[in-house]
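[1] show me how the following folds:
(2 chains)
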Number of protein chains: 2
Amino acid sequence: MSDQPVAVFDSGLGGLSVVRHLRQRLPGETIVYFGDTARVPYGSKSRRTVATFALEAARFLLQFDPKLLVAACNTASALALDILRNELPIPVIGVVEPGAQAAVRLAQGRPIAVLGTEATVGSGAYVSAIAALAPGQRVVQRACPLFVPLVEEGRGPQDPIVRLAAQEYLVPLRQESVAVAILGCTHYPLLTEVIAEFLGPEVAIIDSGRETSLAVERHLQAAAALSGRSVAGRLRCYVSDNPARFQRIGSRFLAEPIEEVELVEPERYIGVSPCPS
Amino acid sequence: MSDQPVAVFDSGLGGLSVVRHLRQRLPGETIVYFGDTARVPYGSKSRRTVATFALEAARFLLQFDPKLLVAACNTASALALDILRNELPIPVIGVVEPGAQAAVRLAQGRPIAVLGTEATVGSGAYVSAIAALAPGQRVVQRACPLFVPLVEEGRGPQDPIVRLAAQEYLVPLRQESVAVAILGCTHYPLLTEVIAEFLGPEVAIIDSGRETSLAVERHLQAAAALSGRSVAGRLRCYVSDNPARFQRIGSRFLAEPIEEVELVEPERYIGVSPCPS
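    Numbers count the residues shown, from 1 in each chain, chains lettered A, B, ... in the order given. From the prediction side, this is the model:
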C-alpha cells in the first residue's frame, strides 16, 4: 500500500476528464494535477516544444513525491512519452496505449478511427501503438481541431456549430466501415453524444481517459501501491495561468466542483535556463 | 533618417497582417518580427501572463537595435502596453489606440462595435481608448473566440462553419445601430468579407493593423526616422516554435511568401529566472 499521490499533468484543463475517471475508480487516491494553462494548447505545436513543456510539468510534480505520473494530455502522450519515461525516476502512463489496447480488443480486426488534435494525428502515435498490438489492422485518422475551442467555449452537443463541425469531420468516416472510434483528445468526451450520432450507432466509442484510469489501477495493483485510505482522496490542482477560468470551465470536465487550485509562478516550473551550479 | 529596423511582435502569426500594411506603406523599412508560436494564443490568458510573454518578446527584439516596437497583438496591446512602455527604452506603438482613433473619427457619435478575443474584450481596452477620445460614445463589444482557430485552420469567408459563427456573433449587433466595427484581432482581417456581410452594408470596418501602419508612419516622420532606402526592406522572422507551420499559414496573412524564418531557442527569449549576476 502507498499513500503517495498520483501525479497528473495536462496542457490545460482537458486532463480533468481523465481525473474524473481516476476518482471514480480509485476514490481513495490523492491526486496532484498540473495544468499548463499559460501555454495551452499543445495540439498545434512541435514535438520539441511539447516535450520541453511536458518535462517541465513533470518535474514540477516530482516535488510531491508521487508514485506514478499520468500524462493525461493526448498530444504529450503522443509526442513525448518516450522522453518522459527516459528522464523521470517514476513510472509514466500515457493515454495513447490504453486507448489503443481497448480499441484493438473491441475492433476484432475491423477498422479503427482515431480522432485527435493536429499534433496527435500528425505524430501517428495511435497508429504505431495499434500496429504494435495488431499488425495489419486498418486505422483511419481524422484531426478535429475545432472541437477543443468549441468545448472550451462551453458549447455542447446541441450547439449548431458543434453539429456542423462534427458532420464535416465525421460523416466521411462512414465510408470506411469503422467499428471503433478512439476519442484521442481529453476534450472530446464532452462531445461523445454528437460524435456517436454522426459516426452512426454501429461504431463503439473509446474514451482514452477512461481506459487510462483502468491502466493506472492495474499498475498500482501489480505494484501493491494502491492507497489504503477509505476516505475520499484529496485533489490538489496547480495551474500556470488563470486559476479562476480553470475552476469555472474545469468543473465541467471533472463533473464535480474544483476546490483547490493554486497559481504557479513561472520560476517554479520553467527550468530551461538553469543557473550554473 | 534611420536605417534601424522596426521591431514587431505578436503571439503568433496574426501580426503578419499588420506587417503586410507596414510593408505596403513603408516599403524601405527593415522589419524584425517575433512570433511566440510556442505559447500562442494569448487571447484566453491573464494580464499577468500576457505581460510576461510580451516583455520577453520585446526584450528578444531589442538585440536588433530597433528604432520602434510595434505590439501587433491586440491582446498584448490591450493588456500590456503600459508595462511595455514603462520597461522599454524605445517607443512602443500598439494596435488598440490607432484602431480606436479611426473608429471615433468615422463614427461621428454613432455606436461603435469592438470585435476581439475573450481577453481583449474583457480588458475593456478599446472601450477606455474610445472613451478618452470621445466621452459618452456608445461602444458595444463582442468576443468572437472561434474566429482565430477557424482562420488558423485555413477556413475562409465561404466556409459554412465560418458563416454560422459569424451569424451567431454578429447578427445580434444589428439591433445596436452600429456605424463602425473595429477588427480588434489580427486574424479577423482574413474574414473581413463575411464580417461585413453579417453586420450589414451600412457598417464601416476598421482594420486596426492598417491604422497602426499609419500611426507608425506618422511617428517615424515626426521623429525624422524613416528609412532612407529606396530598395525593398528585408523581413526577418523569428518564432518560438514550428517555423514550417508559420511559413505555410503566415504567408496568407502577409500576402507574400515568407523567406526568412528562424526558430528561437527558449534560452534566447525566456528571461523569467535570470541568474544572479
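
[2] get me the contact residues on chain A for chain B.
    For chain A, the residues in contact with chain B (CB under 8 Å from any CB of the partner chain) are A:37-39, A:44-46, A:48-49, A:52, A:145-146, A:148-150, A:152-153, A:160-161, A:164-165, A:168, A:240-242, A:245, A:266-267, A:270, A:272-273, A:275-276. In this view, the C-beta of every residue, glycine as well, is placed from N, C-alpha and C.

[3] now, those that are in helices?
    Under the assignment DSSP state H, the residues of chain A next to chain B contribute A:48-49, A:52, A:148-150, A:152, A:160-161, A:164-165, A:168, A:245 to helices.

[4] drop anything exposed from those.
    A:48-49, A:52, A:148-150, A:152, A:161, A:164-165, A:245 (16 or more other CB atoms under 10 Å in any protein chain shown).

[5] now the ones in helices among the residues of chain A next to chain B in JSON lines, with pLDDT and distance to B:F9?
    Output for these, formatted as JSON lines (pLDDT from 0 to 100; distance: CB to CB, whole Å):
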{"residue": "A:R48", "pLDDT": "92", "distance to B:F9": "21"}
{"residue": "A:T49", "pLDDT": "94", "distance to B:F9": "18"}
{"residue": "A:T52", "pLDDT": "94", "distance to B:F9": "21"}
{"residue": "A:V148", "pLDDT": "94", "distance to B:F9": "25"}
{"residue": "A:P149", "pLDDT": "93", "distance to B:F9": "23"}
{"residue": "A:L150", "pLDDT": "96", "distance to B:F9": "29"}
{"residue": "A:E152", "pLDDT": "88", "distance to B:F9": "25"}
{"residue": "A:P160", "pLDDT": "97", "distance to B:F9": "37"}
{"residue": "A:I161", "pLDDT": "98", "distance to B:F9": "31"}
{"residue": "A:L164", "pLDDT": "98", "distance to B:F9": "35"}
{"residue": "A:A165", "pLDDT": "98", "distance to B:F9": "31"}
{"residue": "A:E168", "pLDDT": "97", "distance to B:F9": "34"}
{"residue": "A:R245", "pLDDT": "93", "distance to B:F9": "24"}
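
[6] starting at the chain centroid, how far to stretch A:245-252?
    Between the centre of stretch A:245-252 and the centre of its chain there are 16 Å (CA atoms, centre = their mean, to the nearest Å).

[7] kindly report the same for stretch A:234-241.
    Counting by CA atoms, centre = their mean, stretch A:234-241 comes out at 16 Å from the chain centroid.

[8] sorry, back to before: show me which of the buried ones among the ones in helices among the residues of chain A next to chain B is closest to B:Q175.
    A:I161 (21.3 Å; CB to CB).

[9] can you pull the contacts of the closest one?
    A:150, A:155, B:146, B:161, B:164-165, B:168 (CB atoms under 8 Å, 6 or more residues apart in numbering or on different chains).

[10] same thing with A:V140?
    So A:V140 contacts A:111-114, A:173, A:176, A:178 (CB under 8 Å, 6+ apart).

[11] narrow those residues to those in helices?
    Among the contacts of A:V140, no member lies in helices (by DSSP H).

[12] ok, so of the residues you listed, who is nearest A:E197?
    A:L173 (12.8 Å).

[13] quick one, helices of the stretch 51-200 of chain A?
    For the stretch 51-200 of chain A, the helices defined by DSSP state H, counting those that start in this stretch occupy A:74-87, A:96-107, A:118-123, A:125-133, A:147-152, A:160-170, A:192-199.

[14] quick one: the helix or strand hosting A:V32 to helix A:47-62, angle?
    Here A:V32, judged by DSSP states H and E, is contained in strand A:31-35. Strand A:31-35 and helix A:47-62 are oriented at 140 degrees to each other (axes from the mean of the first three to the mean of the last three CA atoms, to 10 degrees).

[15] ok, strand A:31-35: who's next to it in the sheet?
    strand A:6-10 (parallel), strand A:235-239 (parallel) (DSSP bridges).

[16] and it, what's its mean pLDDT?
    In this model, strand A:31-35 has a mean pLDDT of 98.

[17] hmm, who's touching that strand?
    A:5-13, A:15-16, A:19, A:22-23, A:57, A:60-61, A:64, A:66, A:233-240, A:246, A:250, A:264, A:269.

[18] make a PyMOL selection of whichever of these turn out to be buried.
    Only the buried entries of these go into this PyMOL selection, using 16+ other CB under 10 Å:
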select buried, chain A and resi 5+6+7+8+9+10+11+12+13+15+16+19+22+23+57+60+61+64+66+233+235+236+237+238+239+240+246+250+264+269
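
[19] picking that back up, any chance of TSV for the strands paired with strand A:31-35, columns distance to A:E118?
    Putting the strands paired with strand A:31-35 into TSV (distance: least, CB to CB, whole Å) gives the following:
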stretch	distance to A:E118
strand A:6-10	17
strand A:235-239	24
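
[20] tabulate the ones you listed in TSV, adding columns for mean pLDDT.
    Below are the strands paired with strand A:31-35 laid out as TSV (pLDDT from 0 to 100):
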stretch	mean pLDDT
strand A:6-10	98
strand A:235-239	98
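
[21] pLDDT weak spots in chain A?
    A:271-277 (pLDDT under 70).

[22] just to revisit the earlier point, ok, the contacts of A:V140 vs chain B, which is closest?
    A:L173 (17.7 Å; CB to the nearest CB).

[23] so what's the closest residue to chain B within the stretch 51-200 of chain A up against?
    In the stretch 51-200 of chain A, the residue found nearest to chain B is A:P149; the distance is 4.6 Å by CB to the nearest CB. A:P149 makes contact with B:145-146, B:148-149 under the criterion CB under 8 Å, 6+ apart.

[24] give me that answer again for 6 Å
    Neighbouring residues of A:P149 by CB atoms under 6 Å, 6 or more residues apart in numbering or on different chains: B:146, B:149.

[25] sorry, back to before: of all the strands paired with strand A:31-35, which lies closest to B:R138?
    Set against B:R138 and scored by CB to CB, the strands paired with strand A:31-35 come closest in strand A:235-239, at 36.9 Å.

[26] and the closest residue to A:A76 other than its chain neighbours, how many neighbours?
    Once flanking residues are discounted, A:A76 sits nearest to A:A54: 4.4 Å by CB to CB, 6 or more residues apart in numbering or on different chains. Burial of A:A54 is recorded as 29 neighbouring residues (other CB atoms under 10 Å in any protein chain shown).
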